[in-house]
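Q: next comes the sequence, and after it the predicted model I'd like to discuss.
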Amino acid sequence: IGRGGQGVRKEIRVEKYHRAIRPYLFKYRKIIMLKRIDALYSRLAIYLRYLVSGGTAAFTNVACLYIFTDLFRIHYLISATFSYLIGFIVSFSLQKFWTFQNNDRQRMTGQLIVYFLVAAANLGVNDLGMYFFVEFVKLHYLLAQIVVSGTIAVYSFVVYKFFLFKKSFCSPNNGCPGFL
């Protein structure tokens, strides 16, 4: 038969092998693809939850402001204060328990204090940023608010994720005070 015959037999064996293993390769590729999709979703899920939590808190703030001011006829500055506090509570609750899935209730008081300090700093950054972009850069105030809010959202996410709601942020084992 010579070399040509052996080559044909070899090709037939390889083809039989490929036909036998092809369904398993497809299934294996499918599993790998599903694992990759799951990993990508896991990485993106926290960002989506962060956006939904922040949007819900912002909506709550604005809705309460409208209700207190227009329906209950409370002065807008007093309404703004109460609505900010309600939005703050909604934001903290969603960020802690849903976005970052931090269910540790022992450190909640300390986290709430730090969260409030970050929110107070955000308020200052918001006002300074608005003043800068409107007065010096000459942006429309709504566009300035979008730029400043986006900046605040990014650095707040970093603070919340890597410091405040980090699983090992503060515990009695690493020398932190008990309330954190």
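A: The structure has been received and is ready for your questions.
Q: any low-confidence regions in this structure?
A: Counting by pLDDT under 70, the chain has low-confidence residues at 1-14, 16-18, 20-27, 168-180.
Q: export stretch 68-82 to PDB, keeping only CA atoms.
A: Extracted in PDB, the C-alpha atoms of stretch 68-82 (Å, rounded to 0.1, in the frame of the first residue of the first chain):
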ATOM      1  CA  PHE A  68     -42.200  68.600  51.400                       C
ATOM      2  CA  THR A  69     -42.000  71.800  49.400                       C
ATOM      3  CA  ASP A  70     -45.000  71.700  47.100                       C
ATOM      4  CA  LEU A  71     -47.500  69.500  48.900                       C
ATOM      5  CA  PHE A  72     -46.800  70.300  52.500                       C
ATOM      6  CA  ARG A  73     -45.700  73.900  51.800                       C
ATOM      7  CA  ILE A  74     -42.500  73.700  53.900                       C
ATOM      8  CA  HIS A  75     -39.800  76.200  53.000                       C
ATOM      9  CA  TYR A  76     -37.500  74.800  50.400                       C
ATOM     10  CA  LEU A  77     -34.300  75.000  52.500                       C
ATOM     11  CA  ILE A  78     -35.900  73.100  55.400                       C
ATOM     12  CA  SER A  79     -37.400  70.600  52.800                       C
ATOM     13  CA  ALA A  80     -33.900  70.200  51.200                       C
ATOM     14  CA  THR A  81     -32.400  69.400  54.600                       C
ATOM     15  CA  PHE A  82     -35.000  66.700  55.500                       C
END
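Q: ok, Lys167 touching Asn102?
A: Yes - using Cβ atoms under 8 Å, Lys167 is in contact with Asn102, at 7.2 Å. Backbone N, C-alpha and C define where each C-beta goes, glycine included.
Q: and those two? which has more neighbours close in?
A: Using other Cβ atoms under 10 Å, the more surrounded residue of Lys167 and Asn102 is Asn102, with 19 against 9.
Q: what's near enough to touch the closest residue to the more buried one other than its chain neighbours?
A: Distance criterion Cβ to Cβ, 6 or more residues apart in numbering; nearest residue to Asn102, sequence neighbours excluded, is Phe165 at 4.3 Å. By Cβ atoms under 8 Å, 6 or more residues apart in numbering, the residues touching Phe165 are 95-96, 99-100, 102, 111.
Q: got it, and Thr81?
A: Neighbours of Thr81 in contact, by Cβ under 8 Å, 6+ apart: none.
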